[in-house]
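Enquirer: No letters, just coordinates:
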């Protein structure tokens, strides 16, 4: 059986949402209060929609004179008028359009950081609010209610406010007001949702024009630094290549005195191919050993000497190679290195005596 609860309305304290229990009212599809309670966020009844009601003193209501036909410039006009009214940075406020009567537009402001902290607490409890209402939205015209922040009122003209004492209501408002006993369960009187906002205004308020210029300059500076680093890297690589070529030429001249140097790398390969039949370098010697000892080994280091080939192997590869060398009567010495590897020195001339 489905739950008759359609809306769960939760009161948010001025300090925000925490582990402390919160007051709530469960409403059916007609808006009638089914039950009330006080529970932690994690133990709220299951519901189709979650409404948060925030204190009246956490929001500010402004009535702006907005001429008709502002169109796509409406957000800019709202921002311009609010900058003359709001103390501090306008970027700290989340701005929501309210109802419009002729040329007058109501605009609601709430602290952006405070609202985000409330939504983050809901997210941590696995809750997703469908709407966020100020307490004023539950007040009908010519009514008031007692809340933790004082006496919240709404006049017949739509003016809202908060007073510390009930005796001040009639002198300030100039009319008699009806008291609402259970504000949390009252039907919604104003069509306002603080989760909605002015996207163009929020985007315009995030970065001012000087900040945008500064960001552009920083991007250009970063691009220049990146290009400079590339040029320096290319020059360093070119310098290293020149030094390497010179080192190759010097080494070739020292190893092959009297041989004209045309292309030292190509000449070295040709001479290397001629010397392979005479024993060659370490790779040639390893290839010759592989023909005699067909085992799969992976040396970490290969060294060639005039009469020996040194292989640095893991313990497992050394254990595979040793019996093959014994079988082929190839003399070798073995020792353990500091890092736990095995170094096998294979003699190219001597053979192990037969037992």
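Expert: Noted; the coordinates are in hand. Note that this is a predicted model, so its numbers are computed, not measured.
Enquirer: ok, the residue most central in space within the chain to residue 109 distance?
Expert: Central residue of the chain (C-alpha atoms, centre = their mean): residue 120, 15.7 Å from the mean position. When distance is defined by C-beta to C-beta, to the nearest Å, residue 120 is 20 Å away from residue 109. Just so you know, the C-beta spots here come from the backbone N, C-alpha and C atoms, and that holds for glycine as well.
Enquirer: One more: residue 146?
Expert: Applying C-beta to C-beta to residue 146 and residue 109 gives a distance of 24 Å.
Enquirer: so how far is the helix or strand harbouring residue 242 off the chain centroid?
Expert: Assigned by DSSP states H and E, residue 242 belongs to helix 209-255. Relative to its chain's centre, helix 209-255 lies at 31 Å (C-alpha atoms, centre = their mean, to the nearest Å).
Enquirer: Likewise for stretch 85-97?
Expert: On C-alpha atoms, centre = their mean, the centre of stretch 85-97 falls 27 Å from the chain's centre.
Enquirer: repeat for stretch 256-273
Expert: Chain-centre distance of stretch 256-273: 57 Å, with C-alpha atoms, centre = their mean.
Enquirer: ok, now stretch 156-175?
Expert: On C-alpha atoms, centre = their mean, the centre of stretch 156-175 falls 47 Å from the chain's centre.
Enquirer: How about residues contacting it?
Expert: Residues outside stretch 156-175 that contact it (C-beta atoms under 8 Å, 6 or more residues apart in numbering) are 56-57, 61, 63, 101, 106, 136, 139, 141-142, 144, 146-147, 149-155, 176-177.
Enquirer: Okay, helices next: where are they in the stretch 101-250 of the chain?
Expert: Ranges of helices within the stretch 101-250 of the chain are 112-124, 169-173, 199-206, 209-255, based on DSSP state H, counting those that start in this stretch.
Enquirer: The longest one packs against which elements?
Expert: Read that as helix 209-255. helix 264-275 (3 or more C-beta pairs under 8 Å, 6 or more residues apart in numbering; DSSP states H and E).
Enquirer: Listing request: residues of the stretch 151-300 of the chain with sub-threshold pLDDT.
Expert: Low-confidence segments of the stretch 151-300 of the chain (pLDDT under 70): 198-212, 271-294.
Enquirer: Now residue 88: which helix or strand?
Expert: Residue-wise, residue 88 maps onto no helix or strand under DSSP H and E.
Enquirer: Please apply the same query to residue 94.
Expert: strand 93-101.
Enquirer: mind checking how far that strand is from the chain centre?
Expert: 31 Å.
Enquirer: quick one, it and helix 112-124 angle?
Expert: Between the axes of strand 93-101 and helix 112-124, defined by axes from the mean of the first three to the mean of the last three C-alpha atoms, to 10 degrees, the angle is 100 degrees.
Enquirer: Now do the buried residues in strand 93-101.
Expert: Judged by neighbour count (16 or more other C-beta atoms under 10 Å), strand 93-101 contains these buried residues: 93, 94, 95, 96, 97, 98.
Enquirer: Contacts for it next, please.
Expert: 60-61, 66, 78, 82, 86, 105-112, 115, 158, 190-194, 196-198, 201-202, 205.
Enquirer: So in that sheet, which strands flank that strand, and in what orientation?
Expert: strand 104-111 (antiparallel) (DSSP bridges).
Enquirer: now what about the partner strand, what contacts it?
Expert: 54, 58-66, 78, 82, 86, 92-100, 134, 158, 192, 194.
Enquirer: so what's residue 337 scoring on pLDDT?
Expert: Per-residue confidence at residue 337 stands at 87 (pLDDT).
Enquirer: Not counting residues beside it along the chain, what's closest to it?
Expert: What sits nearest to residue 337 in space, not counting adjacent residues and going by C-beta to C-beta, 6 or more residues apart in numbering, is residue 343, at 5.5 Å.
Enquirer: contacting residues for the one you found?
Expert: With the criterion set at C-beta under 8 Å, 6+ apart, residue 343 makes contact with 310, 311, 312, 313, 334, 335, 336, 337.
Enquirer: Reformat those as JSON lines; add distance to residue 322 and secondary structure.
Expert: Shown next, in JSON lines, are those (distance: C-beta to C-beta, whole Å; DSSP: H, G, I helix; E, B strand; the rest coil):
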{"residue": "310", "distance to residue 322": "15", "secondary structure": "strand"}
{"residue": "311", "distance to residue 322": "11", "secondary structure": "strand"}
{"residue": "312", "distance to residue 322": "14", "secondary structure": "strand"}
{"residue": "313", "distance to residue 322": "10", "secondary structure": "strand"}
{"residue": "334", "distance to residue 322": "7", "secondary structure": "strand"}
{"residue": "335", "distance to residue 322": "13", "secondary structure": "strand"}
{"residue": "336", "distance to residue 322": "13", "secondary structure": "strand"}
{"residue": "337", "distance to residue 322": "16", "secondary structure": "coil"}
